[in-house]
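> Okay, sequence plus prediction incoming.
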Amino acid sequence: MYLKKTEGRHAVTLPDGRVMTRADLPPPDTERWVASRKAQLLLAITAGLISRDYAIRTYRLSEEELTSWERLVGRYGTAALKATTVQRYRQPEDEASELP
């Protein structure tokens, strides 16, 4: 069996005991970023499976886009990554603080 040489780790154990591998990540040619794919990518970065730079290069993301995903998840959880809730969570700072 041939293993492709990749930078970084091949698998990490998550805090809940699950093991996440590079096979669990979205394909590099992903163009449609649904909330679950965004969450997987952020989890991989947080767990140390891949670096931010690797994610930006591989998935052709901008630094601002990835930072906005991280900020939304940090404030409101993964539900904020859904395209249907963009208007609710991406309001100016003074209005967003009033959300439940």
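Arrived safely, thanks for sending.
> neighbours of Leu25, just the number please.
Number of residues near Leu25 (other Cβ atoms under 10 Å) recorded here: 19. For glycine as for every other residue, the C-beta is placed from the backbone atoms N, C-alpha and C.
> which ones are touching the residue positioned nearest the centre of the chain?
Residue closest to the average C-alpha location in the chain (Cα atoms, centre = their mean): Leu42, at 2.6 Å. Leu42 makes contact with Trp69, Glu70, Val73, according to Cβ atoms under 8 Å, 6 or more residues apart in numbering.
> Most neighbours of all those, which one?
Trp69 (21 neighbours).
> Let me know whether that one touches Leu81 as I believe.
Yes - the criterion here is Cβ atoms under 8 Å, and Trp69 meets it with Leu81 at 6.3 Å.
> Quickly list what's touching both of these two.
Lys38.
> re the thing from before, helix/strand/coil for the residue nearest to the centre of the chain?
helix (DSSP: H, G, I helix; E, B strand; the rest coil).
> what's the pLDDT at it?
You'll see Leu42 listed with a pLDDT of 96.
> And Ala83, by the same measure?
On the pLDDT scale, Ala83 gets 77.
> Quick one: the helices in the protein, in order.
Remark: helices assigned in the chain by DSSP state H are 35-47, 52-59, 63-76, 86-89, 93-96.
> Flag the helix or strand of the chain with the lowest per-element mean pLDDT.
Within the chain, no helix or strand scores below helix 93-96, which has a mean of 51 by mean pLDDT, DSSP states H and E.
> could you check the distance from Thr13 over to Ala47?
Counting by Cβ to Cβ, to the nearest Å, the separation of Thr13 from Ala47 is 8 Å.
> Between the two, which contacts overlap?
Met20.
> Please identify which of these two sits among more neighbours.
Between Thr13 and Ala47, counted using other Cβ under 10 Å, Ala47 has the larger neighbour count: 16 against 10.
> With adjacent residues omitted, what lies nearest to that one?
Computed as Cβ to Cβ, 6 or more residues apart in numbering, the closest residue to Ala47 that is not its neighbour in sequence is Val12, at 4.5 Å.
> cool, and Asp24?
Asp24 sits nearest to Gln40 (Cβ to Cβ, 6+ apart), 6.5 Å away.
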